[in-house]
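S.K.: Quick one, structure for this:
(2 chains)
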Protein chains: 2
Amino acid sequence: MVSYQEMSYTDLKAKLAELQAEYAAFQSRGQKLNMARGKPSPNQLDEALSMLSVLPDDQRPLDSSGEDTRNYGTIRGIPEARTLMGGILGVPAENVMVGNNASLNLMYDQVARAMLFGIAGCKPQSEQRNRRFLCPAPGYDRHFAISAAFGYQNIPIPMLEDGPDMDQVEQYISDPAVKGIWCVPKYSNPQGITYSEQVVRRFAALQPAAPDFRIYWDNAYAVHDLYPGSAETDHLLNLKTASDEAQNPDIWLMFASTSKISFAGGGISAIASSEANLAEIEAHISIQTIGPDKVNQLRHVRWLESLGGGAGLALPGLKRHMQNLAALLAPKFQAVDKILAQDLDGLGVASWTKPRGGYFISLEALPGTAKRTIALAKDAGVVLTEAGATWPSGNDPLDSNIRIAPSYPSLEELEQASQLLTICLRLAAIEQLLQERV
Amino acid sequence: MVSYQEMSYTDLKAKLAELQAEYAAFQSRGQKLNMARGKPSPNQLDEALSMLSVLPDDQRPLDSSGEDTRNYGTIRGIPEARTLMGGILGVPAENVMVGNNASLNLMYDQVARAMLFGIAGCKPQSEQRNRRFLCPAPGYDRHFAISAAFGYQNIPIPMLEDGPDMDQVEQYISDPAVKGIWCVPKYSNPQGITYSEQVVRRFAALQPAAPDFRIYWDNAYAVHDLYPGSAETDHLLNLKTASDEAQNPDIWLMFASTSKISFAGGGISAIASSEANLAEIEAHISIQTIGPDKVNQLRHVRWLESLGGGAGLALPGLKRHMQNLAALLAPKFQAVDKILAQDLDGLGVASWTKPRGGYFISLEALPGTAKRTIALAKDAGVVLTEAGATWPSGNDPLDSNIRIAPSYPSLEELEQASQLLTICLRLAAIEQLLQERV
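M.R.: Reported below is the predicted structural model:
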């Protein structure tokens, strides 16, 4: 295979014409495909359908403490849901507060509290100047959108192979204006990177200049292995354990949800932290609401227990369920990878990740061609995540990152979309290479 | 019946001894009763138990537009839930955004947005000095707690027989520092007052000095009649209609929930307003969450439809269901009223409301005796809403208001608690009258 860079001008021209024909043929089919967001497929959601009927309608839904989940109260969530979410995050139930359907909401509200009231005895961050938030990039656009909405300057931190560039993180936090960092520590969005033990230990030991700096540890894919039980599974060091060892117990806030376990829009979420942080959070949330939807919390636990074989077996049930989801998801990741390899290997115009979990494949195109690739795909009916979305302010400095979300389309749709993607990527690459030679 | 004020010192002393004996007898029974909060009783919640199984587990829960409620998105809520909540509030579905389980959360977040980002093109209220919020009192403590938490000065506005003193409201809003007013316009908390047509029209026509002033219209008891279908039912003029007529379309924000319809902790909530306001709200909420729990929204509509007899019959179903709840609640209100009348009529030490809906009876004791009454009751095992709670900062200037929440206890418990309450109230009254004569 000759790389495009090594090809002659004439050969590139010929290849361009060939790809243009393929593109036109695809376009003429008039298909509409979407690989933009990490949405579970209907088939995945069907795996959780039994949750809908797990609470009997002839019995009061009481939690394990005897409280009626239908009524008001229990601001931190019901005991068994705290245990479940603690199991997912690897922290004790007493460090967990269980919320409604969106962990994003918990993160947003946490930054809002820091802004409005201040945290850790500091004055409200809205009254502090030049506030900054660290954003390992490429990363999750909705994280960056929160800190941007609150007026923080988002600082991109390079993602290395084992997590964010900790030299830079350690340097930045010596600035008291730096108030937080967004992390997806396991199967990161979009690269699928799991932070190494050393990276987690450096996070746990951070000594920020700002007492109100916090690590926003969004462990969204904590149990989302593509090959569960195999050697092809990542292990994330526990940040709570590590920060306790580093005598830094209040620096972390963990988040998780069942959005990619049960129902994307109808799951339960959790925030976990030290008791000092949780008490502060609870004081504010007690004004905001009388309590979370505990019925849905109980529904989740009972459902997972039913999959696990009985009372107290929610975590084994979760394990089985995640195996079922992996069986649906892994072939999709493999299908994309296979087509990318077939079409792009050796051309010198792309590299991509082979994640062992999570929801995304991160594709690095030739610098300067991501926008063009995504625009071409869109014009042929395939919607990808917007170019630059994985970077703060939507500004990918190299214009090279493309996020692929294989979960939602069917296998067949995914294959077609991936084929179109590689056509577009190659077209954009050749256009640029030809431009450079003019 | 001779009033206590007319009694001789000796007779009062004798009465005091008699009541002290009754109090001691009650205390010795060691009962624990609670009339503190407007919580639905387990029997009420049982009326909604069939909601738990209304979504079949062998069918994808699609909304009326064909969207899968299990997945992400649909930030304003599913169409049929917007129609339902619009029906409750008396506004078109397009003016409604349906949220998760707590309307309080929607109110809190709305004030938070005004604080953080500003509304209606104004600068953030957090940057505006001497911010004030109007609080018709007695009123709902959780409302007052929100504005207090955000640092607004809460201004009590007297409640008259037909709603807040609108002369005072109109005067206060000429001050640009006044940013909002808390209202429970129908069967108000705690008095059960429904604002008159004239009061609603004056609200609709308000011309506040602050462009970012809003009426927080918490129509929590919109369909919560105690005697539905009878002449003993209040009618509230529609604020949207009235403010449209007054060419003041953006001044109102309505709130409602099904907390006292389905499950107190597991219902759905709504915020309604003009499109201009909703668009502003949606822009922020789109950063905060990917969408509400639509499964629970669909569950609610389907459940009410099942009570109403079929698709599209959620509102008739709601009507039937509210009749069932009224049949449980009305006897409790009547039982309290009967005991209050038996024990207190003619003594000159108390008056109370006879609401036709809502969740509370408001009892006015002799000024200076509410705290003492509530403390005495507590020492004998009956928990009432904390004294002063119905006033901003928990400060009842006359120390006279006692809120009775009859919904949660059983009829028998309620009768015992009410008897104890009147004993305590009479004790406190006589103590005070004797003190005055010393």
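S.K.: Show me which parts of the biggest strand by length in chain A are buried, residue by residue.
M.R.: Ordering each strand of chain A by length in residues (DSSP state E) puts strand A:153-160 first. In terms of neighbour count (16 or more other C-beta atoms under 10 Å in any protein chain shown), strand A:153-160 has its buried residues at A:154-157, A:159-160. Glycine gets a C-beta too; all of them are placed from N, C-alpha and C.
S.K.: Out of the residues you listed, which comes closest to residue B:389?
M.R.: Among the buried residues of strand A:153-160, residue A:154 lies closest to residue B:389 (C-beta to C-beta), at 43.1 Å.
S.K.: Need phi/psi at the closest residue to that closest one other than its chain neighbours.
M.R.: Of all residues not flanking residue A:154 in the chain, residue A:392 sits nearest, at 3.5 Å (C-beta to C-beta, 6 or more residues apart in numbering or on different chains). Reported as degrees, to the nearest 10, the phi and psi values for residue A:392 are phi -50, psi 140.
S.K.: where exactly do the helices run in the stretch 301-438 of chain A?
M.R.: Counting by DSSP state H, counting those that start in this stretch, the stretch 301-438 of chain A has helices at residues A:314-344, A:370-379, A:411-437.
S.K.: for chain A, which residue is closest to the average position?
M.R.: Chain A has residue A:189 as the residue nearest its centroid, 4.4 Å off, counting by C-alpha atoms, centre = their mean.
S.K.: I figured residue A:419 was touching residue A:339, is that so?
M.R.: Yes - when contacts are counted by C-beta atoms under 8 Å, residue A:419 is listed as touching residue A:339 (5.8 Å).
S.K.: Compare the helices of the stretch 301-438 of chain A and report which one is nearest to chain B.
M.R.: Nearest to chain B among the helices of the stretch 301-438 of chain A is helix A:314-344; the distance by C-beta to the nearest C-beta comes to 13.6 Å.
S.K.: now the closest one against helix A:411-437, angle please.
M.R.: Calculated by axes from the mean of the first three to the mean of the last three C-alpha atoms, to 10 degrees, helix A:314-344 forms an angle of 40 degrees with helix A:411-437.
S.K.: which helices and strands sit right next to helix A:314-344?
M.R.: With contacts taken as 3 or more C-beta pairs under 8 Å, 6 or more residues apart in numbering or on different chains; DSSP states H and E, helix A:314-344 sits against helix A:42-46, helix A:79-89, helix A:294-308, strand A:350-352, strand A:361-365, helix A:411-437.
S.K.: tilt between the second one and helix A:314-344?
M.R.: Helix A:79-89 and helix A:314-344 meet at an angle of 40 degrees, taking the same axes, to 10 degrees as the criterion.
S.K.: And helix A:79-89, what does it pack against?
M.R.: strand A:96-99, strand A:252-257, strand A:269-272, helix A:294-308, helix A:314-344.
S.K.: If we use 7 Å, what do you get?
M.R.: Other elements packing on helix A:79-89 under the criterion 3 or more C-beta pairs under 7 Å, 6 or more residues apart in numbering or on different chains; DSSP states H and E are strand A:96-99, strand A:252-257, strand A:269-272, helix A:294-308.
S.K.: pLDDT on the first one, on average?
M.R.: Read that as strand A:96-99. When pLDDT is averaged along strand A:96-99, the result is 98.
S.K.: Contacts for the next helix or strand after that strand, please.
M.R.: Using DSSP states H and E, the helix or strand that follows strand A:96-99 towards the C-terminus is helix A:103-116. Judged by C-beta atoms under 7 Å, 6 or more residues apart in numbering or on different chains, the contacts made with helix A:103-116 from elsewhere in the structure are A:99, A:119, A:124-126, A:142, A:146-147, A:150, A:179, A:212, A:216, A:218, A:253, A:255-257, A:269, A:271, A:284, B:112, B:115-116, B:126, B:287-290.
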